[in-house]
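Q: Next one to model:
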Amino acid sequence: MAELISTFIFFFAVIDPIGSVPVFIAVTNGMTSSERNKTAIKAVLVSFVVLLFFILVGEIILNGIEVPLPAFQIAGGVVLFLFALTMIFGDGKPEDEIKSVKDPNEVAIFPMAMPSIASPGAMLAAVILTKNAQNSIFEQFQTSLVMSLVLFIVLVLLLLSNKVQNIIGSSGASIISRVMGLILTAVAANNIIMGIKESFDLL
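A: Here you go, the predicted model:
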């Protein structure tokens, strides 16, 4: 149970459901309630497919290009750490991604599905948390369920985005995003340490 909770916190940090709400509100401005709901559902479904793809074949792809998983774990940890720093010290997830909007008709895919929900950090987490050498098929299935739970929370928050925004406000979303970034730095550091230990057989 403790490991499942840890996995949930990891995915919650890298996906950042609350941080996606201001992005969604901004990019769906002017849409009808029905259009907003369809956009939310499409964004979450696309994110699920992308992350499930990385769970199923991410490690296979790495093996195909002869990149050992510990090396990917170290690189992923570095990327996660840098990503977390942008969440803590940068403009913040909402402002940064709202600026990147170009095509209002495709907001469900960009920037909502990628990079807001299925972020680079989430893709890396999907691979790292389902290593074939350390996790059985059942454990990987459990990880997939935990990821699905986080995505379901994203969907609920997006469908209730106006109410959520009124409750926490833009400053509240920014604070929560930075807290998630701080948690993510610790997770990233641990990934780097574990990758180095595995690379040099220090476990």
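Q: Low-confidence bits of the protein, can you list those?
A: The chain contains residues with pLDDT under 70 at 90-105, 203.
Q: Excluding chain neighbours, what is closest to I9?
A: I183 (6.9 Å; Cβ to Cβ, 6 or more residues apart in numbering). Using the backbone N, CA and C atoms, a C-beta is placed for each residue, glycine as well.
Q: One more: R178?
A: I88 (5.1 Å).
Q: again, but for L182
A: In space, L182 is closest to I88, 6.1 Å off (Cβ to Cβ, 6+ apart).
Q: Ok, N191 next?
A: Per Cβ to Cβ, 6+ apart, closest to N191 is G77, 3.4 Å.
Q: how about the one you found, what does it touch?
A: G77 sits next to A188, A189, N190, N191, I192, G195 when contact means Cβ atoms under 8 Å, 6 or more residues apart in numbering.
Q: returning to what we had before: so which helix or strand takes in the residue nearest to L182?
A: helix 69-89 (DSSP states H and E).
Q: Pull out the buried residues from that helix.
A: 69-70, 72-74, 76-77, 79-81, 83-84, 87 (16 or more other Cβ atoms under 10 Å).
Q: Please report how far V146 lies from P68.
A: Distance, V146 to P68, by Cβ to Cβ, to the nearest Å: 26 Å.
Q: Tell me how far the nearest residue to S199 once chain neighbours are set aside lies from G76.
A: The spatial neighbour of S199 that comes closest, neighbours along the chain excluded (Cβ to Cβ, 6+ apart), is P70 at 4.5 Å. According to Cβ to Cβ, P70 and G76 sit 10 Å apart.
Q: name the helices or strands packed onto the lengthiest helix in the chain?
A: Ranked by residue count under DSSP state H, the longest helix found in the chain is helix 161-199. With contacts taken as 3 or more Cβ pairs under 8 Å, 6 or more residues apart in numbering; DSSP states H and E, helix 161-199 sits against helix 2-15, helix 17-27, helix 69-89, helix 93-99.
Q: This completes my enquiry, with thanks.
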